[in-house]
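Asker: What follows is a predicted structure for the sequence shown.
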Amino acid sequence: MIGSIILIAIGLVALAGGGELLVRGAVGIAQKLGMSTLFTGLVIVGAATSMPEMVASVQAVASGSPEIAWGNIVGSNIANSLLILGGAALIMPIVLAGVGRRDSVVSLLATLLVWAIAWWGLASSYIGVALLVALVLYIVWRYRHPPTQVEEQEEAHPAPNFLLSLLFFAAGVAALVLGGGWLVTGAIEIASDLGVSEAVIGLTIVAVGTSLPELAASAVAAFRGHAELAMGNVLGSNIFNLLLIGGVTMTLSGQPLPTELLQYGWPIAAASALLLLLMCRFLPGIGRLSGLLMLGAFAGNTALAFA
């Protein structure tokens, strides 16, 4: 037990440092290549911070535990929407001003699509490949339709050294993946000792652990005033979790999604995706009070999962 706690602590340190490096590198790359910070958050940072979820899910499928994989996907999206954004807003209020209006719609539609696949038991390797194709189409569409002036609220800054930005980004990704892996390993060992089911472990412990890179990146982005990067990271990660990781998991396993998540996990994930859409559409920002309420909702949801 003590060894697992130490592993979790080391993982947290790696996540904090990795989040700082990732944001520095991502912003630098975006400025140098002329890409919007929102697109960078949606695709580059969103994909990078989703790598721990990918690793955990593939390992779970390979070991014959797809319940952990799907619990991780659903739980990570809930954690992204409530824990990550709530925690980031608590550190520094996030000014939205229209950021993420289009992508929050895509995130909600992707959630409803995969939930429907789970509900009707349509999961198969072919549908998994279709989800991967849908992700490619989304990336192409987003690249060809850059953010509007309302969505992109960044100031002009001198472009930093490109090679240094690449180095920061690569080091940040490495630290996040390693830190997430250490934390998940320690968390699973502790949860297993408590006799918790695999689906619940994936929905809570593994999901929170693999979502900490998003928390680190979004918190640093919010602190540095890059609201579009923080929101883009969360929305992009949610979309990548569903279409990329869900697609890979479905392609590899070809098995029906766990029914245990139908009555509990998926409805919460859909509700949290709807919440993000409403925030992006109608709120000027996410203040500390809203962040605190989101954290409270996440804590209550986690407590119910173990009830």
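Answerer: Received it, and whenever you're ready, just let me know what you need.
Asker: Check which helix or strand E189 maps to.
Answerer: E189 belongs to helix 162-193 when assigned by DSSP states H and E.
Asker: Could you pull out the buried residues of that helix?
Answerer: The neighbour-count check on helix 162-193 (16 or more other C-beta atoms under 10 Å) flags 165, 168-169, 171-173, 175-191 as buried. Just so you know, the C-beta spots here come from the backbone N, C-alpha and C atoms, and that holds for glycine as well.
Asker: pLDDT of it, averaged?
Answerer: Mean pLDDT, helix 162-193: 79.
Asker: Kindly spell out which helices and strands sit in contact with it.
Answerer: helix 2-33, helix 46-49, helix 51-62, helix 198-201, helix 207-223 (3 or more C-beta pairs under 8 Å, 6 or more residues apart in numbering; DSSP states H and E).
Asker: for those, which one sits closest to Y138?
Answerer: helix 46-49 (10.9 Å; C-beta to C-beta).
Asker: any residues touching that closest one, and which ones?
Answerer: 22, 26, 169, 172-173, 176, 213-214, 217, 232-233, 235-237, 239-240, 244 (C-beta atoms under 8 Å, 6 or more residues apart in numbering).
Asker: Okay, the residue lying closest to M51 once chain neighbours are set aside and A48: tell me how far apart.
Answerer: Of all residues not flanking M51 in the chain, V177 sits nearest, at 5.2 Å (C-beta to C-beta, 6 or more residues apart in numbering). To A48, V177 is 9 Å away according to C-beta to C-beta, to the nearest Å.
Asker: Could you name every residue contacting both of the two?
Answerer: Joint contacts of V177 and A48 (C-beta under 8 Å, 6+ apart) are P213.
Asker: For I2, see how far away the closest residue to L7 other than its chain neighbours is.
Answerer: Nearest non-adjacent residue to L7, counting by C-beta to C-beta, 6+ apart: G186, 3.7 Å away. G186 sits 10 Å away from I2, going by C-beta to C-beta.
Asker: And for D193?
Answerer: D193 sits at a distance of 12 Å from I2 (criterion: C-beta to C-beta).
Asker: same thing with W70?
Answerer: From W70 to I2 the distance is 31 Å (C-beta to C-beta).
Asker: Same check on V133?
Answerer: 47 Å.
Asker: do the same with V55
Answerer: 25 Å.
Asker: higher neighbour count, the two?
Answerer: V55 (16 against 6; other C-beta atoms under 10 Å).
Asker: and the residue nearest to M51, what is it in contact with?
Answerer: V177 is in contact with M51, P52, V55, P213, counting by C-beta under 8 Å, 6+ apart.
Asker: redo that, cut-off 7 Å
Answerer: M51, P52, V55 (C-beta atoms under 7 Å, 6 or more residues apart in numbering).
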